[in-house]
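In: next come a sequence and a model predicted from it.
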Amino acid sequence: MSVESKKPREACTSKLKLFLASLAFVFFAKAFSGSYMKSSITQIERRFNIPSSLTGLVDGSFEIGNLLVIAFVSYFGAKLHRPRLIGIGCFVMAIGSFIIVLPHFFQGLYKYETSVSHIKSANSTETILPCISNNSITDADKTIDLDAQKACEKAAGSSLWIYVLLGNMLRGIGETPIMPLGVSYLDDFSSEENTPFYLACIHTVGILGPMFGFMLGSFFAKIYVDIGAVNLDAITIDYRDSRWVGAWWLGFIVTGTVALLSGIPFLFLPKSMAKQGQDQNQSKSTELSTVAEQENFLPQDSQEHGDKEKPVTFRELAREFFPSLKRLFSNSVFSMMILTYLVAVNGFVGMITFMPKYMEQIFGQPASKSTFLIGILNLPAVALGMITGGFVLKRFKLGVVGAARMSMASCFGSFCLLLIQVFIQCDNAEVAGLTVSYQGVPQVSYNQQTLLSECNMRCSCPVKHWDPVCSYNGLTYSSPCLAGCQTSTNAGKEMVFHNCTCVKEMMSPGMNMSAVLGQCPRKSDCDYKFKIYMVLSVLGSFISASGGTPGYIVVLRSINQDLKSLALGMQTLIVRTLGGIPPPIYFGVLIDRTCLKWGTNPCGGRGACRFYNANKFRLTFMGVITCLYSLTNMLWGGVYFRIIKRQKKLALMKSAKENGLEERGLGNGHASISIAKDLDQASTV
């Protein structure tokens, strides 16, 4: 008898383990794909020559896709076959990733802006005359402009970013059922004491996705976008240049394939299974026990849901939707938690979207190195923080009050470290005509006229071009022409410009007046400051993540069983709508206001920003994030005191019941209803 009773329990346990492993893998897949998109934002911005505000819209399209279906999926999906819906969502994510790749094949070869002609042969010894050529090829320039204009009209390359937007939106639609249906399914069929640890494990595995996503983004950022289609020896820029575009499209093929594979196991999982820790008779129908609990919360006229054999119609589900929604948001703890997460996610999304650009512009780090460091340092710290938070909850058996305290403490600790990061800075890169004058004196005003000087006046240089060269005096010039260079030697990345008249003004007679391609490196102390910034950033990531799992438990334990899927779905809907879509856009708009030098697209219009005012960038970017996290701390305080107040109310009601006051309350119909409402809203806390 005992042997027979163990077999069903073991089978059910194996199904739960299979679901746990599958859910962990799909969390990895969605995080892998989403983080790769984040790491590729800079490459996409450069490839399509669009400003940061527009790339913010592209990045936010993922949340727009969630917004379209999240409310219906989270509510109606909870009544249907949840594992199969998750599997279908994975396939939709894969299709979205493959759509993002299409512009690469529709678009022509990438042509970066340059003030010198591209060298076709790496062995060419042809001498280019930057200064003189700009006085003598007026007709040729006109022809190039006409060809570029025709190419823009035919290919409409600048508008192909719409494919990226639509594909990312489809990714958002496919990702919708994973979190609300997956977490509610796990919480329904796992024991209460194991749920926090399972959630921590799933989120920890999920954190590996961003780690691999950023590392993959770093790897492809060093590979030229048109790899295999151009002679790489003829390219005059490298991955450290702000005009460089990596092979961003290759990564979406990889992430799409992973998403496709992650959805297959869910097609073979059951609609329901035995509750973990119960025998076969107790768990014959977990849904029946759940419905029995629902009878305490749902209106009396909807008791027909108690019969699990009766088919559920969409009309009945729709009739219950708005009353359930009203009950959900009447829970003050849940409503305040939504607001807290909303503000925190605004700061996090804005920070993670533009953090590689911040590291590139403030500390002079290449985009590929920035994404690589985020992947191998920040994200493992987040994973360790997640598992630490889950372990502390399980080890010390913290209730909702303890979880709230832990989340509040981690939020405050990460805010303190973030506040220190605001004051870590490097000086602006010295670019003649933008941050300093041609005599090396810092200047306040920056415009196209300041790029011209007596040393380059006779060259008639185009001021729109961004083709930086570094002179031996340590000063960067926007182009070889603006540096007044007369001749050049070598080809491709090894090109060297000589007899630069503007360089001569800052050097003693007889010294080297040459310049090489690329911006000059930052001062040596900037690397030291960058290391301090990374240490604080990694430590802050760990502390902040350690409060993630406790905060999640506060949400799960503050809502009723029958509203769990709806609550998680509405949380995702609201937080991603107002916390996922606007931040990349308004952060991008604010960052664009700090741009000093805009690039030009093939059609002659304004392209992506090539160079920023580092000080304004830092104050704008870190200032907004600090304000948002400061508000988050205040909201966490409000959540904590609301939970304490509810706990005291429950203690008073329990004391009243023990002293026989409940019988007196039953004599008063109004008092009975009032107590019932309080118990309904606070029962799970």
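Out: Arrived safely. Numbers count the residues shown, from 1 in each chain.
In: can we go C-alpha only for contacts and neighbour counts from here?
Out: OK.
In: remind me which residues of the stretch 501-650 of the chain are low pLDDT?
Out: For the stretch 501-650 of the chain, applying pLDDT under 70 flags the ranges 505-512, 602-604.
In: go again using 80 as the cut-off
Out: Within the stretch 501-650 of the chain, the ranges that satisfy pLDDT under 80 run 504-513, 523-525, 561-562, 564-565, 568-569, 572-573, 576, 600-607.
In: please enumerate the strands of the stretch 351-500 of the chain.
Out: For the stretch 351-500 of the chain, the strands defined by DSSP state E, counting those that start in this stretch occupy 469-471, 476-477, 487-489, 496-498.
In: give the contact list for S478.
Out: By Cα atoms under 8 Å, 6 or more residues apart in numbering, the contact list for S478 reads V431, A432, L451, H465, W466, D467, P468, V469.
In: and the strands in the stretch 501-650 of the chain?
Out: So, for the stretch 501-650 of the chain - with DSSP E, counting those that start in this stretch - the strands run 515-517, 595-600, 606-612.
In: select, out of those, the one closest to T371.
Out: strand 606-612 (18.3 Å; Cα to Cα).
In: the closest one: partners in the sheet, and parallel or antiparallel?
Out: strand 595-600 (antiparallel) (DSSP bridges).
In: who touches the partner strand?
Out: 49, 113, 434, 446-447, 464-466, 606-613.
In: swap the cut-off to 10 Å and go again
Out: With Cα atoms under 10 Å, 6 or more residues apart in numbering as the test, strand 595-600 has contacts from 46, 49-51, 112-114, 242-243, 434-435, 446-448, 463-467, 478, 592, 605-614, 616-617.
In: which of these count as buried?
Out: 46, 49-51, 112-114, 242-243, 434-435, 446, 463-467, 478, 592, 607-614, 616-617 (16 or more other Cα atoms under 10 Å).
In: of those, which belong to helices?
Out: R46, D592, A614, K616, F617 (DSSP state H).
In: looking at the strands of the stretch 351-500 of the chain, which is buried most?
Out: strand 476-477 (a mean of 30; mean count of other Cα atoms under 10 Å).
In: and that strand, average pLDDT?
Out: Per-residue pLDDT over strand 476-477 has a mean of 89.
In: and what of stretch 198-215?
Out: Here the average pLDDT along stretch 198-215 is 82.
In: kindly report the same for stretch 27-35.
Out: The model assigns stretch 27-35 a mean pLDDT of 91.
In: and that stretch, how far from the chain's centre?
Out: Offset of stretch 27-35 from its chain centre (Cα atoms, centre = their mean, to the nearest Å): 10 Å.
In: using CSV, write out every CA atom in that stretch.
Out: In CSV, the C-alpha atoms belonging to stretch 27-35 read as follows (Å, rounded to 0.1, in the frame of the first residue of the first chain):
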residue,chain,number,x,y,z
PHE,A,27,13.5,32.8,-17.8
PHE,A,28,17.0,32.4,-19.0
ALA,A,29,15.9,32.6,-22.7
LYS,A,30,13.8,35.7,-22.3
ALA,A,31,16.4,37.5,-20.2
PHE,A,32,19.1,36.4,-22.7
SER,A,33,17.1,37.9,-25.6
GLY,A,34,16.1,41.1,-23.7
SER,A,35,19.7,41.8,-22.4
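In: list the buried residues for it?
Out: Neighbour count says stretch 27-35 has F27, F28, A29, K30, A31, F32, S33, G34, S35 buried, by 16+ other Cα under 10 Å.
In: for whatever helix or strand I86 lives in, which helices and strands make contact with it?
Out: Using DSSP states H and E, I86 maps to helix 82-106. When contacts are defined as 3 or more Cα pairs under 10 Å, 6 or more residues apart in numbering; DSSP states H and E, helix 82-106 sits against helix 2-39, helix 52-76, helix 161-175, helix 178-189, helix 248-262.
In: any weak-confidence spans in the stretch 351-500 of the chain?
Out: 439-450, 458, 460, 462, 464-465, 473, 490-493.
In: all helices of it, in order?
Out: With DSSP state H, counting those that start in this stretch as the criterion, the stretch 351-500 of the chain has helices at 367-373, 379-396, 400-421.
In: between those, which one is closest to M211.
Out: Among these, the nearest to M211 by Cα to Cα is helix 379-396 (5.5 Å).
In: quick one, the closest one and helix 400-421 angle?
Out: Counting by axes from the mean of the first three to the mean of the last three Cα atoms, to 10 degrees, helix 379-396 points 150 degrees away from the direction of helix 400-421.
In: if we can go back for a sec, how about TSV for the strands of the stretch 351-500 of the chain, with distance to P83 added?
Out: Shown next, in TSV, are the strands of the stretch 351-500 of the chain (distance: least, Cα to Cα, whole Å):
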stretch	distance to P83
strand 469-471	57
strand 476-477	57
strand 487-489	64
strand 496-498	61
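In: and R327, which of those strands is closest to it?
Out: That would be strand 476-477 among the strands of the stretch 351-500 of the chain, by Cα to Cα, at 62.5 Å.
In: got the contact list for the closest one?
Out: Contacts of strand 476-477 (Cα under 10 Å, 6+ apart): 429-436, 438, 451, 466-471, 483-484, 502-503, 515-521.
In: turn the strands of the stretch 501-650 of the chain into a markdown table, columns for distance to N331.
Out: Listed next are the strands of the stretch 501-650 of the chain as a markdown table, based on distance: least, Cα to Cα, whole Å:
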| stretch | distance to N331 |
| --- | --- |
| strand 515-517 | 61 |
| strand 595-600 | 45 |
| strand 606-612 | 46 |
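In: select, out of the ones you listed, the one closest to Y533.
Out: Here strand 606-612 is closest among the strands of the stretch 501-650 of the chain (Cα to Cα), at 19.4 Å.
In: how far away is S488 from V469?
Out: Going from S488 to V469 by Cα to Cα, to the nearest Å gives 12 Å.
In: now do the shared contacts for those two.
Out: With Cα under 10 Å, 6+ apart as the test, S488 and V469 both reach P480, V496, F497, S514, A515, V516.
In: what's across from the second one in the sheet?
Out: V496 forms beta bridges with T489, V516, as assigned by DSSP bridges.
In: point out where the stretch 101-250 of the chain drops to low pLDDT.
Out: 113-159, 180, 183-184, 187-197, 200, 203-204, 207, 234.
In: make it 50
Out: 117-126, 133-144, 153, 155-156 (pLDDT under 50).
In: okay, the helices of the stretch 351-500 of the chain in JSON lines with mean neighbour count and distance to N66 next?
Out: Putting the helices of the stretch 351-500 of the chain into JSON lines (neighbours: other Cα atoms under 10 Å; distance: least, Cα to Cα, whole Å) gives the following:
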{"stretch": "helix 367-373", "mean neighbour count": "25", "distance to N66": "26"}
{"stretch": "helix 379-396", "mean neighbour count": "22", "distance to N66": "24"}
{"stretch": "helix 400-421", "mean neighbour count": "20", "distance to N66": "26"}
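In: before I go, just wanted to say thanks for your time.
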